[in-house]
Every structure is written in C-alpha cells, then in structure tokens.
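I need the structure of the sequence given here:
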Amino acid sequence: MELYSGLDLHSTNTYIGILDTNFKSVFKKRVPNNLDLILQTLQPFKDQLKGLVVESTFNWYWLVDGLMDAGYGCVHLANPSAIKQYEGLKHSDDQHDAFFLAQLLILGILPQGYIYPKEDRAVRDLARKRMLLVKHKTAHILSLQSLIARCCGQRMSKHQIRKLTVANLRQLLKEEYLLLSAQASLNIIDFLIQQIKALEKAIKKEVKLDKAYEQLITVPGIGFILAMTIMLEVGDISRFAKVGNFASYCRCVSSQRLSDGKSKGSGNRKNGNRYLGWAFVEAAQLGRRYSQRFSRYYDRKAAQTNTIVATKALSNKLARICYYIMRDQVPFREELF
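Numbers count the residues shown, from 1 in each chain. Model prediction:
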C-alpha cells in the first residue's frame, strides 16, 4: 500500500498526517521538533511512504535535511504562498493542514518550493546577512540626513554623510541631545561598514562565479557582489522555463486581481524572492549612473509615473536581461537594451 505524509511544521512541534491513495487517514500525531522523535514516528511506514511534504516555513532546513539524510528520497517542499484553501471552511487546524498537504501531493497538484542545495546554504545566508546590514546602514544614513536637514537646513548626500566626523557634527549641531543622536547614527554607520567589508571578504574568499553567471558583471551596475548575490539566490537558472517566471520570482512584476475589469481583493506581490527583488533594485539604482541608456529609460518612466515606479520598471528590465545572460551564457550588449 502506497502512503503519503504531510508534515505541518511549527516553531516547537510538527503535526504528522499520513494518508493512503484513497485519502483514508492511516496515522496522525503531533510530535515535538526533535529529529530523532520524528524519524522514530515515521519508521513503521518508511517502506510504504512514496512522498513526504514539508511546508516551507522559516525553519524547514533541519527537518528536510534530516529526512533526506535518513533515506527519504521523496521529500517535497510545499510553497505556502501558492496554496489556497477553500475560504468557506468552518474548521481548520494542524491536522487538516497536514492531511491537505498530503492530498495535494497524491493528486499531483502540490505547488513546490525549491530545496536549495545544503552545501551552498551557509554562504547564501551569509550573503543575506550582508544585505540586511546594508539595509540597516542605509536606514541610519537616511536618519542622519533627515536630522541635519531638519535642524540645519542642509541637504547632504550619502557620500557627504560618510565623510562626516564628530568634529563636523559639533559644528552643525549645537544642542547636546541632537549631537548625541547624530553621533549614535555615525558610530553605527562606521561599525556596519566594517562588518559589511568583513562579510564581503569572507564571501569573495569562498565563492567563485559559476560559468553561467560570469557574464552578469558585464551589465552596468552589477559588480561581483551583486552577481554573486544573484547566483546564490537563483541556483539553477534552468528551473525557470520562461523569462516571465523568473521576473515574477524576482518580485519585478506587478500583482493585480481583476474581475469584470475591476480590481478585486489584494494581489500577491510578496510571492517570490525578496532578496532578488532587492538585488535588482540595487542594480537599477547603480546602473543608471553608469549607463546613459539605463538613465534615459529611467527618466522617461519617471516623467510618466514617479521615481519609485521608474526604478521598479528598470529593475524588471534588468531581471529579464540577466535571465537571458545566465541562460545563454552571453555578455550584455547595451545596443540591444
């Protein structure tokens, strides 16, 4: 008898539900998040289990890796943002969710997430940590810019902010508490820059661009770090059958639901990889500094809409360009932009 299992993973426990091909419940139990206990629970059914589904929550690494290492070669990662249950249900709980995952697998309609190779995850997570630090650095730079503009009437660029010293701040800000606030931001910015450089050094030492990604650095605005970020987040480019699928995964396309020509409900704009979304926005902002064609495209879009939409439009175009560069392993040709 063939069996299929859904594992509804939470922060402290996992609900295990097992069905046969007739959707009959064979086993159900809540187990603490302990790999040995989960493997012990599944052991009596191991030879009959033809598929296991784990929901792609924030903490799926240990469970999926543990199951695969234990010899379960049929592990699937469910994409929760693409799974829509019937909204009219009057009752739903962990048992129902576990069985629902198993049902989708049996029917062959399970929306699956990508199980990123275990050996590459650590350096990818290090690159994600770098992104987080860059965002924090930007936030403190904006905070300091705002403080100086409010209190002194001066607008400073990011480069001017980075060159500020405590002596400069004392000349600008006479009030003690304002000076203390500005010094805190300046100290945090300096510390974050040091940490970002340390992470970049470690990443450059560990990572070499694969052949499919080497040509990314021919795109204006994309250097080694952004190319490496894109490579680590994408993995195998062949998993995207079409350029539109890739752009959507990068959160570079709009999300809209229409019925009878009218907007209905909320879209699903957060479905996809937010790290790639950030990377291509960064590439768009840097690219228009180094490419007149990028700059003209941005200016044209900004005149029609606004700067935010223009940046997203350029990032969408760059994501599509990079898809073909990675797929065909060819350099960027600006005359074709």
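
contacts and neighbour counts: CA atoms only from here.
Fine.

the helices in the stretch 201-337 of the chain, which residues?
Across the stretch 201-337 of the chain, reading from the start of the chain, the helices by DSSP state H, counting those that start in this stretch fall at 224-234, 243-249, 274-290, 292-304, 307-328.

can you check the stretch 51-200 of the chain too?
With DSSP H, counting those that start in this stretch applied, the stretch 51-200 of the chain shows helices at 61-69, 94-107, 118-152, 158-162, 166-172, 176-206, listed in chain order.

can I get the ones you listed in a markdown table including distance to A241, mean pLDDT and mean neighbour count?
Converted to a markdown table, the helices of the stretch 51-200 of the chain look like this (distance: least, CA to CA, whole Å; pLDDT from 0 to 100; neighbours: other CA atoms under 10 Å):
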| stretch | distance to A241 | mean pLDDT | mean neighbour count |
| --- | --- | --- | --- |
| helix 61-69 | 25 | 96 | 16 |
| helix 94-107 | 22 | 92 | 21 |
| helix 118-152 | 23 | 93 | 16 |
| helix 158-162 | 40 | 89 | 13 |
| helix 166-172 | 54 | 90 | 13 |
| helix 176-206 | 29 | 93 | 15 |
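
which of those sits closest to Q43?
Using CA to CA as the criterion, the shortest distance between Q43 and the helices of the stretch 51-200 of the chain is 10.9 Å, found for helix 61-69.

which helices and strands sit right next to that closest one?
Secondary-structure packing of helix 61-69 (3 or more CA pairs under 8 Å, 6 or more residues apart in numbering; DSSP states H and E): helix 35-42, strand 75-78.

picking up where we left off before, out of the helices of the stretch 51-200 of the chain, which gets nearest to S81?
When these are compared by CA to CA, helix 94-107 sits nearest S81, at 13.1 Å.

in terms of secondary structure, what does the closest one contact?
With contacts taken as 3+ CA pairs under 8 Å, 6+ apart, helix 94-107 sits against strand 3-9, strand 13-20, strand 49-55.

most packed of those?
Using mean count of other CA atoms under 10 Å, the stretch among those with the largest mean neighbour count is strand 3-9, at a mean of 27.

count residues in the vicinity of Q40, would you?
Other residues near Q40 come to 12 when the count uses other CA atoms under 10 Å.

could you check how far it is from L67?
Between Q40 and L67 the distance is 11 Å, computed by CA to CA, to the nearest Å.

who wins for proximity to T305 among the helices of the stretch 51-200 of the chain?
Proximity of the helices of the stretch 51-200 of the chain to T305 was assessed by CA to CA; the nearest stretch is helix 118-152, lying at 23.8 Å.

and the closest one, what does it pack onto?
Short answer (3+ CA pairs under 8 Å, 6+ apart): helix 118-152 packs on helix 158-162, helix 176-206, helix 224-234.

other SSEs contacting the first one?
Here helix 158-162 touches helix 118-152, going by 3+ CA pairs under 8 Å, 6+ apart.
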